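Enquirer: Here is the input, now give the coordinates:
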Amino acid sequence: MPAAMGRVQFALRTFVFVLIMDCTAASINLLQYPGLLLSLASRHAYRKYIQFTQALFGSLIVLLTYLFTPVEIVVTGDHQALTRDAMAVIMANHQIYSDWWWLWILAWHKGAHGSMKIILKQSLKYLPVFGWGMQFFEFIFLARKWAVDRAMMSKILHRALNDELPLWLVIFPEGTVITDDTKAKTRAYAKKMDIPDDPTFVLIPKSTGLYFCLKNLQPDANYLWDITMGYEGLNGDQTPYEVYSLSRVFFEAKGPERVHMHIQKVLVKDIPGFEDSKGMNTKKDESVAGTKEEAVIDEERTEKFTLWLRKRFLQKDQLMTSFYKLGHFPKDPSSPLIIRPIPKLQDWACLAFALGVGFWVAKKLWGWWI
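Expert: Residues are numbered from 1 along each chain as shown. Predicted coordinates for the structure are as follows:
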């Protein structure tokens, strides 16, 4: 294809993608604000309504995937046990910025696309429309200052428990995508802290946030869902973040043909640091430290959990090594789950409704303006 034609196609795809994404997201955001009236009467009704608007955004993700980057998602491991009604804490390796996108499609397939709660950096909170929408979703935005993050996380997690609604909480313990730069930084950190781990395809994970989430969601969160993600079309010498950048995936039609997910269900009470999880006082305010004795016990539990999590990510590294050799994760006795993101009639109808409301409001505002 001539270079000029390629640039035109790129510009056109980008324009159409942004137009659909922004118009629909803005319409969904408009639908969220009336929900504030519900919050005055019933917190539960308000959260149910916001989950409906969040499911609309999940449908939008599926639509954009279908139109701009058709893909198959191959899910192996304990996928049958992960259900829409779960109180699920999900940890995954972080290779590219669209990791969360594919996880949301998994949730859509399971009917849980209104139950997602993602932990992400604070700067995204202030994005017009999208940041506002994520605040309604009650996503967890990290300032990376523990004194600040602790109080905010405790508040949101205990609200989630009290809501008694399904929850899929997604966290990336590595904290960032894997690149040559981040690998160099994690190796420097490992040397400074005398950590012997030197993984190739993952970063050394940070345990504080994940430990805090699991602790605060006891006793409801019985399992930790460990998802290892791999992208077809890569070899071990390539950097996923560079090959599958957001621009290449959505604007240049050069995304992966298949996204692989291997799910492992881990019983929380079997995780070091959580052997006595039933004894954890989940109803107390975790935004501040407890007594000195509690602090010592918590520190001991955290240390055990940190060692376990690092070993777990070394196992992920071995899984990724095998993935690059074989092109897939270990075969299961049962058949893998194949997800083809194609919008259902319900998705089309709900998105059409949201857009209709958005255009009606825009027309009214335009009439008042002129």
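Enquirer: can you pull out the helices in the chain?
Expert: Along the chain, counting by DSSP state H, helices occupy 3-32, 35-41, 43-68, 99-110, 130-137, 146-163, 180-192, 208-216, 240-243, 246-250, 292-326, 345-369.
Enquirer: among these, which is nearest Glu257?
Expert: Among those, the nearest to Glu257 by CB to CB is helix 246-250 (11.5 Å). (Each C-beta comes from the backbone N, C-alpha and C, glycine too.)
Enquirer: Can you give me the buried ones in the closest one?
Expert: For helix 246-250, the neighbour count (16 or more other CB atoms under 10 Å) marks Val249, Phe250 as buried.
Enquirer: and that helix, what does it pack onto?
Expert: Helices and strands touching helix 246-250, as assessed by 3 or more CB pairs under 8 Å, 6 or more residues apart in numbering; DSSP states H and E, are absent.
Enquirer: Identify the residues contacting it?
Expert: The contact list for helix 246-250, computed with CB atoms under 8 Å, 6 or more residues apart in numbering, reads Arg13, Phe17, Leu64, Phe68, Thr69, Ile96, Tyr97, Ser98, Lys254, Gly255, Pro256.
Enquirer: Nearest to Gln264, out of the helices of the chain?
Expert: It is, among the helices of the chain and with distance given as CB to CB, helix 292-326, at 8.9 Å.
Enquirer: Counting neighbours, which bits of the closest one end up buried?
Expert: 298, 301-302, 304-306, 308-310, 312-314, 316-317, 319-320, 323.
Enquirer: what angle separates it from helix 208-216?
Expert: Inter-element angle recorded for helix 292-326 and helix 208-216: 120 degrees (by axes from the mean of the first three to the mean of the last three CA atoms, to 10 degrees).
Enquirer: roughly how far out does helix 292-326 sit from the chain middle?
Expert: Chain-centre distance of helix 292-326: 19 Å, with CA atoms, centre = their mean, to the nearest Å.
Enquirer: Okay, domains of this structure per the record?
Expert: When the chain is parsed with automatic domain parsing, its domains come out as 1-68+343-370, 72-339.
Enquirer: Determine which stretch of those domains is the most buried.
Expert: Neighbour counts averaged per stretch over the domains of the chain are highest for domain 72-339, at a mean of 17; criterion: mean count of other CB atoms under 10 Å.
Enquirer: hmm, back to that, okay, the helices of the chain in JSON lines with mean pLDDT and distance to Tyr223 next?
Expert: Output for these, formatted as JSON lines (pLDDT from 0 to 100; distance: least, CB to CB, whole Å):
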{"stretch": "helix 3-32", "mean pLDDT": "90", "distance to Tyr223": "30"}
{"stretch": "helix 35-41", "mean pLDDT": "93", "distance to Tyr223": "30"}
{"stretch": "helix 43-68", "mean pLDDT": "97", "distance to Tyr223": "21"}
{"stretch": "helix 99-110", "mean pLDDT": "97", "distance to Tyr223": "15"}
{"stretch": "helix 130-137", "mean pLDDT": "95", "distance to Tyr223": "23"}
{"stretch": "helix 146-163", "mean pLDDT": "92", "distance to Tyr223": "16"}
{"stretch": "helix 180-192", "mean pLDDT": "92", "distance to Tyr223": "27"}
{"stretch": "helix 208-216", "mean pLDDT": "95", "distance to Tyr223": "10"}
{"stretch": "helix 240-243", "mean pLDDT": "94", "distance to Tyr223": "27"}
{"stretch": "helix 246-250", "mean pLDDT": "94", "distance to Tyr223": "31"}
{"stretch": "helix 292-326", "mean pLDDT": "91", "distance to Tyr223": "14"}
{"stretch": "helix 345-369", "mean pLDDT": "87", "distance to Tyr223": "29"}
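Enquirer: Turn these into a markdown table, columns for distance to Glu174.
Expert: Shown next, in a markdown table, are the helices of the chain (distance: least, CB to CB, whole Å):
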| stretch | distance to Glu174 |
| --- | --- |
| helix 3-32 | 27 |
| helix 35-41 | 34 |
| helix 43-68 | 23 |
| helix 99-110 | 10 |
| helix 130-137 | 21 |
| helix 146-163 | 17 |
| helix 180-192 | 8 |
| helix 208-216 | 11 |
| helix 240-243 | 12 |
| helix 246-250 | 18 |
| helix 292-326 | 8 |
| helix 345-369 | 32 |
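Enquirer: if we look at stretch 314-328, which residues are touching it?
Expert: By CB under 8 Å, 6+ apart, stretch 314-328 touches 74, 76, 93, 197, 199-202, 226, 228, 230, 232, 234-236, 260, 262, 329-330.
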